[in-house]
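Trainee: okay, here's the prediction I keep looking at, along with the sequence it came from:
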Amino acid sequence: MARREKQPPVGEAAEPAAAPEPPGAPETPGPAPARDSDAGLGLPAVVPPTPPPLPGMRVADALKRGNRRPGVVNAVRATREILPGDPRFGDELSTVGDRPAQVLARHLGDLGDSGETAIREATLAALQVFHAFSDRVGGRLGTADVVTILFTDLVGFSTWVLEVGDELALDLLRAVASVVEPAITHRGGRIVKRLGDGHMAVFPTAEAGVEAALAIQAAMASVKVGGHRPRLRAGLHIGHPRKLGDDYLGTDVNIAARVGAAARPGEVLVSDAILAELDTSGLTVRRRRRFHAKGAPRDMAVFAVSRAG
């Protein structure tokens with residue numbers, strides 16, 4: 001019996017058989033997978049390769065790493081020890097004042113470089129040298145100089161202020177300053193600071209300091225505010241104080257303050273170190289027999305000086 005071919009169901013067309021591929025024909029590639037970035041465009045996404053770092057970027061990264069290395073920071077700091085000026089310039093004490101180097105040093109952290117870094121130390125080194133150079137050019141007294149130190153203050157000022165009030169007190173301080181400060185600056189002195197009712201000043205010589213103090217006492221006779229005639233005392237000592245910024249610190253400053261505090265109203269009191277530097281012709285000198293002050297040498301003598309005649 002002959003075999004009958006299977007017929008497709010009624011209503012369905014027979015599916016044509018796929019033609020066999022000839023031998024050696026290349027394989028047809030399938031469609032490219034869809035990419036999220038090119039959805040709807042039919043284009044493959046292109047991811048660019050990461051570029052290598054530029055030479056300048058590598059140098060900047062190396063400098064940034066080295067900037068905070070303790071060895072580099074210490075090397076720059078050691079260099080500051082052999083440069084002119086204060087090798088610790090930049091702390092709170094050394095930057096008190098309104099000179100350019102001091103202002104820049106105070107605001108160095110605000111400029112974006114804070115903490116212990118090589119760049120910060122190098123910047124401070126430059127400011128240190130500039131500050132020292134400006135001291136010399138401007139004739140300012142330096143750390144190693146022999147300095148005459150003057151302290152003045154008004155006797156009984158606090159008690160008087162309680163009686164008259166702040167307005168008259170301010171008038172009196174202005175009147176006193178108009179006498180004290182020109183006498184200091186006209187003799188080559190520099191006002192270090194104002195101490196409420198007193199002043200601290202420095203001079204290049206003992207003679208200049210004593211001349212200023214005597215001129216102040218003579219001019220104080222013309223000061224009168226609210227019926228009150230103030231009395232001022234002054235004391236001087238000479239030595240090698242430590243200069244920090246625009247201020248002076250150290251044992252010699254303390255001694256000068258003690259001598260000033262021991263002076264009587266209207267008196268100029270000087271240490272024996274000052275007297276040794278003076279030409280006493282034209283002066284009356286009287287030794288103060290009793291002088292004991294905490295922080296002053298036990299064997300130090302003090303003398304009241306005034307114009308002769």
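Mentor: That came through fine.
Trainee: OK, contacts around residue 266?
Mentor: 217, 220, 231-233 (Cβ atoms under 8 Å, 6 or more residues apart in numbering). Backbone N, C-alpha and C define where each C-beta goes, glycine included.
Trainee: ok, residue 307 - contacts?
Mentor: Residues near residue 307 by Cβ under 8 Å, 6+ apart: 214, 218, 282-284.
Trainee: hang on, I meant residue 216
Mentor: So residue 216 contacts 152, 179-180, 183-184, 232, 234 (Cβ under 8 Å, 6+ apart).
Trainee: got the contact list for the spatially most central residue of the chain?
Mentor: In the chain, the residue lying closest to the centroid (Cα atoms, centre = their mean) is residue 95, at 2.9 Å. Shown in contact with residue 95 (Cβ under 8 Å, 6+ apart): 89, 102-103, 105-106, 245.
Trainee: in strands only, show me those.
Mentor: Among the contacts of residue 95, DSSP state E puts none in strands.
Trainee: helices along the stretch 201-309 of the chain, start to end?
Mentor: 206-219, 251-262, 272-275 (DSSP state H, counting those that start in this stretch).
Trainee: buried residues, the second one. List them.
Mentor: By neighbour count, with 16 or more other Cβ atoms under 10 Å as the criterion, the buried positions of helix 251-262 are 252-260, 262.
Trainee: okay if I get those residues as JSON lines plus pLDDT and distance to residue 172?
Mentor: Shown next, in JSON lines, are the buried residues of helix 251-262 (pLDDT from 0 to 100; distance: Cβ to Cβ, whole Å):
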{"residue": "252", "pLDDT": "94", "distance to residue 172": "30"}
{"residue": "253", "pLDDT": "94", "distance to residue 172": "26"}
{"residue": "254", "pLDDT": "94", "distance to residue 172": "28"}
{"residue": "255", "pLDDT": "94", "distance to residue 172": "29"}
{"residue": "256", "pLDDT": "96", "distance to residue 172": "24"}
{"residue": "257", "pLDDT": "95", "distance to residue 172": "22"}
{"residue": "258", "pLDDT": "94", "distance to residue 172": "25"}
{"residue": "259", "pLDDT": "95", "distance to residue 172": "24"}
{"residue": "260", "pLDDT": "95", "distance to residue 172": "19"}
{"residue": "262", "pLDDT": "93", "distance to residue 172": "23"}
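Trainee: nearest spatial neighbour of residue 234, skipping sequence neighbours?
Mentor: Leaving aside its sequence neighbours, residue 234 sits nearest to residue 213 (Cβ to Cβ, 6 or more residues apart in numbering; 4.3 Å).
Trainee: next, count neighbours for that neighbour.
Mentor: Residue 213 is flanked by 33 other residues according to other Cβ atoms under 10 Å.
Trainee: and it, what does it touch?
Mentor: 150, 152, 234, 236, 268 are the contacts of residue 213 under Cβ under 8 Å, 6+ apart.
Trainee: rerun that using 10 Å as the cut-off
Mentor: Residues counted as contacts of residue 213 (Cβ atoms under 10 Å, 6 or more residues apart in numbering) are 148, 150-152, 180, 183-184, 187, 189, 201, 203, 232-236, 260, 263, 267-270, 305.
Trainee: list the buried residues for stretch 168-187?
Mentor: For stretch 168-187, a neighbour-count test (16+ other Cβ under 10 Å) marks 168-169, 172-173, 175-176, 179-181, 183-184, 187 as buried.
Trainee: ditto for stretch 212-224
Mentor: So, applying 16+ other Cβ under 10 Å, buried residues of stretch 212-224: 212-217, 219-220, 223.
Trainee: kindly report the same for stretch 274-282.
Mentor: 274-275, 278.
Trainee: now do stretch 225-232
Mentor: For stretch 225-232, by 16+ other Cβ under 10 Å, it's 225, 230-232.
Trainee: can I get the residues you listed in CSV with distance to residue 207?
Mentor: Putting the buried residues of stretch 225-232 into CSV (distance: Cβ to Cβ, whole Å) gives the following:
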residue, distance to residue 207
225, 32
230, 26
231, 25
232, 20
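Trainee: of these, closest to residue 127?
Mentor: Residue 127 has its nearest neighbour among these in residue 232, at 37.9 Å by Cβ to Cβ.
Trainee: once you drop chain neighbours, what's closest to that closest one?
Mentor: Distances taken as Cβ to Cβ, 6+ apart place residue 220 nearest to residue 232, at 5.2 Å, with adjacent residues excluded.
Trainee: repeat for residue 225
Mentor: residue 172 is the one closest to residue 225 (Cβ to Cβ, 6+ apart), at 4.3 Å.
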